[in-house]
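K.L.:
Give the three-dimensional model of this entry:
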Amino acid sequence: MIGVAVLGSTGSIGLSTLDVLGRHPERFQVVALTANRNAELLAEQCRCYRPAVAAMADPAAARRLQSLLAGMSGAPEVLAGIEGLEQVAALPQAPYVMAAIVGAAGLRPSLAAARAGKRVLLANKEALVMAGALFMDAVAESGAELLPIDSEHNAIFQCLPTGFRAGLAQVGVAQILLTASGGPFRDWSVEQIAAVTPEQACAHPVWSMGRKISVDSATLMNKGLEVIEACWLFGTGPERVTVVVHPQSTVHSLVQYKDGSVLAEMGNPDMRTPIAHALAWPERFDSGVAPLDLVALGRLDFQAPDPGRFPCLRLAFEAARAGDSAPLVLNASNEVAVAAFLEGRVGFPGIARVVEETLASSPAQAVVGQDLAFLIDLDRRARATAEQLIATGSV
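P.N.:
So this is what the prediction gives:
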């Protein structure tokens with residue numbers, strides 16, 4: 001039995017992970033579950049999966065969870081706060097950790113899992129966008145296994161040969177082709193995009209996701225963050241990564257080789273596939289996902305993204321090329337801008353403006369060799385700059 005800790009078990013990735021784990025009770029044991037504030041759902045999960053430990057980022061929610069579990073036979077130990085999440089990530093009885101906490105909040109727990117030498121199933125791209133060098137150093141030093149869960153990066157991982165960490169050029173890779181659905185506004189005009197509402201931005205045409213990542217998909221910032229993540233995961237630069245819009249979301253990504261070969265990983269758009277791949281790797285087992293019916297699918301379409309209508313993708317590539325603190329500032333300002341958009345404080349085009357102005361107002365700083373406290377302070381300052389831009393109405 002392999003013990004698994006699921007960080008972010010009440011989110012969409014967490015729910016899919018528990019579904020896959022539930023299909024293989026002879027192989028996996030849920031050791032720990034964590035959530036942010038949804039004590040009611042986490043309590044239900046605790047009764048179903050009976051973990052030894054449960055943690056909530058919000059201390060008040062942790063007290064609520066403790067109350068909900070009162071009287072439960074074999075109730076889990078309840079931990080609270082970011083320290084509780086880090087403790088869960090490093091539990092010795094959970095060699096596998098699903099890191100599925102959304103946003104910058106997932107950095108410290110994901111890093112704790114890497115430092116503890118776990119098999120880290122990484123669904124938190126922000127950990128690499130914010131602290132790529134620190135995170136990858138932790139993986140190397142601890143001997144952790146890092147397996148990507150984002151469908152695109154998992155697809156690339158499956159299409160690359162063993163030994164790719166020695167360098168993509170060394171194994172004959174010419175280009176990584178990162179696919180994007182294009183979001184709900186793929187074919188909208190600039191004028192239509194200017195009037196987008198939060199409800200429209202959260203209505204993704206293919207994937208069922210949380211509100212923040214749905215907005216990121218609509219602006220194509222999610223794809224930009226994935227470009228930066230791919231550079232860290234696969235040891236390359238942004239010049240070797242190309243984004244291709246693929247509305248069907250069936251080809252999850254591709255790898256182009258120097259000899260002209262292009263390998264693609266395909267499947268129905270269901271996150272249980274990459275989750276099952278990472279849990280079973282290097283083996284394979286059932287994920288619960290229906291087989292892909294190519295005849296029913298009928299066609300595959302590809303097109304180039306339009307940076308004029310989706311400036312967030314351009315900003316992400318610029319941050320990737322700039323390196324240093326730029327990706328961290330990009331992520332921090334985007335999180336602030338998306339929250340402001342969902343609250344009605346900025347319009348949809350304002351998200352990109354907040355990010356661009358924050359990047360312009362934040363002097364580049366070297367981050368390689370810096371510790372976590374330094375990066376967290378940079379993140380705090382970038383957020384403050386973005387909030388000030390929004391408050392003054394300058395964007």
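K.L.:
okay, CA-based contacts and neighbour counts for the rest of this
P.N.:
OK.
K.L.:
Can you tell me the strand partners of the helix or strand where Ala55 lies and which way each runs?
P.N.:
Applying DSSP states H and E as the criterion places Ala55 in strand 53-56. In the sheet, strand 53-56 lines up against strand 28-35 (parallel), strand 77-80 (parallel) (DSSP bridges).
K.L.:
average pLDDT across the next helix or strand after it?
P.N.:
Later in the chain than strand 53-56, the nearest helix or strand by DSSP H and E is helix 59-68. Averaged across helix 59-68, pLDDT comes to 97.
K.L.:
Please spell out which residues along helix 59-68 are buried.
P.N.:
In terms of neighbour count (16 or more other C-alpha atoms under 10 Å), helix 59-68 has its buried residues at Pro59, Ala61, Ala62, Arg63, Arg64, Leu65, Gln66.
K.L.:
what do you get for stretch 101-109?
P.N.:
Here stretch 101-109 shows Ile101, Val102, Gly103, Ala104, Gly106, Leu107, Arg108, Pro109 as buried, counting by 16+ other C-alpha under 10 Å.
K.L.:
Put together TSV for the residues you listed, with distance to Leu389 on each row.
P.N.:
Shown next, in TSV, are these (distance: C-alpha to C-alpha, whole Å):
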residue	distance to Leu389
Ile101	27
Val102	24
Gly103	21
Ala104	20
Gly106	25
Leu107	25
Arg108	27
Pro109	30
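K.L.:
Pick the one among those residues closest to Asp377.
P.N.:
Checking the buried residues of stretch 101-109 against Asp377 by C-alpha to C-alpha gives Ala104 as the nearest, at 12.3 Å.
K.L.:
Contact partners for the closest residue to the closest one other than its chain neighbours?
P.N.:
In this structure, Ala104 finds its nearest non-sequential neighbour in Glu126, 5.8 Å apart by C-alpha to C-alpha, 6 or more residues apart in numbering. By C-alpha atoms under 8 Å, 6 or more residues apart in numbering, the contact list for Glu126 reads Val102, Gly103, Ala104, Gly106, Leu107, Leu225, Glu229, Asn331.
K.L.:
Where does Leu21 fall, secondary structure wise?
P.N.:
helix 12-22.
K.L.:
mind exporting the helix or strand containing Phe135 as CSV, just the C-alpha atoms?
P.N.:
Phe135 belongs to helix 126-142 when assigned by DSSP H and E. Output of helix 126-142 as CSV, limited to C-alpha atoms (Å, rounded to 0.1, in the frame of the first residue of the first chain):
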residue,chain,number,x,y,z
GLU,A,126,3.0,28.6,-9.6
ALA,A,127,5.6,26.8,-7.5
LEU,A,128,7.8,26.7,-10.5
VAL,A,129,6.8,30.1,-11.9
MET,A,130,7.6,31.8,-8.5
ALA,A,131,10.6,29.7,-7.4
GLY,A,132,11.8,27.5,-10.2
ALA,A,133,15.4,27.4,-9.3
LEU,A,134,14.8,26.9,-5.6
PHE,A,135,12.2,24.2,-6.3
MET,A,136,14.3,22.3,-8.8
ASP,A,137,17.3,22.5,-6.5
ALA,A,138,15.2,20.9,-3.7
VAL,A,139,14.2,18.1,-6.1
ALA,A,140,17.8,17.4,-7.0
GLU,A,141,19.1,17.5,-3.5
SER,A,142,16.4,15.3,-1.9
